[in-house]
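Trainee: Could you work out the structure for the sequence below:
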Amino acid sequence: MPSVLPPATIVVTGASGYNGSWICKAFLDAGYIVRGTVRTKAKGEYLQQLFKAHGKNFIPAVIEDISQFNAFDKIIDSDVQAVVHVAGIIHSGPSNTAEVFGPNVDSVKGLINSIVKNGKNVKRLIYMSSAQAMLGKELTHVYTEDDWNDGAVALVEEKGHQVDPMVIYAASKVHAERTLIAFANEHKGIGWDITRMVPAFCNSFDELNATSKLFVQYLLTPRDKTKVNDYGSEYTDVRDVADAFVAALQVEEAGGERFIIDAGAFTYQNLYDAFHSVAPEEKAVPFGDPEAKFAFPGPFCNPAKAQKILKLKPFRGLAECSHDTFKSLKERNLLPT
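Mentor: The predicted model follows:
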């Protein structure tokens, strides 16, 4: 399908979430008209204030339950040229499969239905998946767009809600992506294509949600000096994720593809060192053991495909990402005490 350029009207689901709000901002800054879904009127009013510089180009729409089959009918019409599906749910505590699969899988089915019924001018659907949909292999494995977390799917099928909530989440993202793939394969002449984005672990500047809580935990929790390099994670700055979504809509060749968005891997010590390289006097962040032997093989994921096809600029480094996150949350009194 052709690229969709501004001032096109697009829909962004999950607009009030930390990824969704940054993605909305990036599209608004690029000149698009954005209809953003929120769960409450208050969240919509907050975003209107946040994006007031863009005037009437941001239009909130309240959808309380995205798992309802016709939930998106009210926001998708002939004016919409693209849909960016960010909305979803992640549970850090006990949960059952229905609580997660509803928002994460049923919402995809309902969204497809609404586009088919009402979105006659839609050219592209961009879906936000998760690195959790790929993981599950040995630590030395470097993930590409061909990888799937089939282990999570098998565990959920076998044990249901008895497994870890993150496993349920991972399985739901696998099922959601495969729902989209199946639809695309069965409806090749539908008139619009699907792009799947797989961002790594993202930082957050505005709130402490499940992901940003984990990032801040990595940053602030002292680690035994013998273990500062024994565990690794990957990261991506949320601003780079948002820019990648804009590129995925503007680059014609992005249609039908899956893209990893990942800035790199880090251990606790990497994170400490990177942060202190720009804030050497900040004692709230541990110093660890700068001389500790590096033990994590890394990297986790290979983002070369996205960087080439989407023509992305270099991702922000760990120092900038960690320091900007810490500074923003501290200014808002959102750091844990």
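Trainee: Met1 and Ala248, how far apart?
Mentor: 12 Å (C-beta to C-beta, to the nearest Å). Every residue, glycine included, has its C-beta placed from N, CA and C.
Trainee: How about Lys327?
Mentor: From Lys327 to Ala248 the distance is 29 Å (C-beta to C-beta).
Trainee: who's more crowded, these two?
Mentor: Taking neighbours as other C-beta atoms under 10 Å, Lys327 and Ala248 compare with Ala248 leading, 26 against 14.
Trainee: OK, contacts around that one?
Mentor: The contact partners of Ala248, by C-beta atoms under 8 Å, 6 or more residues apart in numbering, come to 126, 195, 197, 254, 259, 310.
Trainee: quick one: what helix or strand has it in it?
Mentor: helix 238-250 (DSSP states H and E).
Trainee: Work out the gap between that helix and the centre of the chain.
Mentor: The chain centre lies 11 Å from the centre of helix 238-250; the measure is C-alpha atoms, centre = their mean, to the nearest Å.
Trainee: That helix: which residues count as buried?
Mentor: Buried residues in helix 238-250, counted by 16 or more other C-beta atoms under 10 Å: 238-250.
Trainee: Put the alpha carbons of that helix into PDB.
Mentor: C-alpha atoms of helix 238-250 as PDB (Å, rounded to 0.1, in the frame of the first residue of the first chain):
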ATOM      1  CA  VAL A 238      10.100   5.700  24.200                       C
ATOM      2  CA  ARG A 239      10.800   8.800  21.900                       C
ATOM      3  CA  ASP A 240      12.600   6.500  19.500                       C
ATOM      4  CA  VAL A 241       9.700   4.100  19.500                       C
ATOM      5  CA  ALA A 242       7.300   6.900  18.700                       C
ATOM      6  CA  ASP A 243       9.500   8.100  15.800                       C
ATOM      7  CA  ALA A 244       9.700   4.600  14.400                       C
ATOM      8  CA  PHE A 245       5.900   4.400  14.300                       C
ATOM      9  CA  VAL A 246       5.700   7.600  12.200                       C
ATOM     10  CA  ALA A 247       8.300   6.100   9.900                       C
ATOM     11  CA  ALA A 248       6.300   2.900   9.600                       C
ATOM     12  CA  LEU A 249       3.300   4.900   8.300                       C
ATOM     13  CA  GLN A 250       5.400   7.000   5.900                       C
END
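Trainee: Number of residues surrounding Gly317?
Mentor: 16.
Trainee: ok, it touching Ala274?
Mentor: Yes: in this structure, Gly317 is within contact of Ala274 by C-beta atoms under 8 Å, at 7.1 Å.
Trainee: residues of the longest helix along the chain that come out buried?
Mentor: In terms of residue count, the longest helix belonging to the chain (DSSP state H) is helix 165-186. Going by neighbour count (16+ other C-beta under 10 Å), the buried part of helix 165-186 is 165, 167-177, 179-180, 183-184.
Trainee: Which elements pack onto that helix?
Mentor: helix 97-101, helix 107-118, strand 124-128, helix 150-159, strand 193-199 (3 or more C-beta pairs under 8 Å, 6 or more residues apart in numbering; DSSP states H and E).
Trainee: These: which one's closest to Gln217?
Mentor: Relative to Gln217, the nearest member of those by C-beta to C-beta is strand 193-199, separated by 19.3 Å.
Trainee: counting contacts, what elements does that closest one pack onto?
Mentor: Counting by 3+ C-beta pairs under 8 Å, 6+ apart, strand 193-199 packs on strand 124-128, helix 165-186, helix 238-250, strand 258-261.
Trainee: before we move on, the earlier item: out of the buried residues of helix 238-250, which one sits closest to Ala71?
Mentor: Phe245 (21.4 Å).
Trainee: neighbours around the closest residue to that closest one other than its chain neighbours, how many?
Mentor: Closest residue to Phe245 apart from its sequence neighbours, by C-beta to C-beta, 6 or more residues apart in numbering: Ile23 at 5.1 Å. Residues lying near Ile23 (other C-beta under 10 Å) number 29.
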